[in-house]
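Engineer: Here is my input; please provide its structure:
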Amino acid sequence: MSYTVRTIYTKPNVDVSLHTPPTEYTNQINSFFDAGKIIQKPTESIDGLTHIYTMIFDNETSFNEFKSTSASISNYTMRNNHCDSNSISYSIEQDI
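Structural biologist: Next up, the predicted model:
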């Protein structure tokens, strides 16, 4: 059964940019996609200052494997720092 993960960002104003993931993280997404562990790469929807990214994994095990890699851990830290520094609120919804 697929496992959907949604990340929701709300920017304080239009002048603030969102975090840009490093190349290693993008490469990891592509690798998991090529292996069939990600069945939908991140898609974006925008509603004013809110940006929603949705990614679908083939199952929860693949998601847990993905989030435990060094590229994911590094991206998580970089994203947290960027959001904190720029007053961006965000949440992650899993298995929706």
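
Engineer: and Cys83, backbone torsions?
Structural biologist: phi -60, psi -40 (degrees, to the nearest 10).

Engineer: Distance check, it against Pro21.
Structural biologist: Cys83 sits 13 Å away from Pro21, going by C-beta to C-beta, to the nearest Å. C-betas here are computed from N, CA, C, even on glycine.

Engineer: do the same with Gly48
Structural biologist: For Gly48, the distance to Pro21 equals 22 Å [C-beta to C-beta].

Engineer: of those two, who's got more company?
Structural biologist: Using other C-beta atoms under 10 Å, the more surrounded residue of Gly48 and Pro21 is Pro21, with 17 against 8.

Engineer: what are the phi and psi angles of the more buried one?
Structural biologist: Here is the backbone geometry of Pro21 (degrees, to the nearest 10): phi -60, psi 150.

Engineer: Leu49: neighbour count?
Structural biologist: When counting by other C-beta under 10 Å, one arrives at 14 neighbours for Leu49.

Engineer: got it, and Ile46?
Structural biologist: 9.
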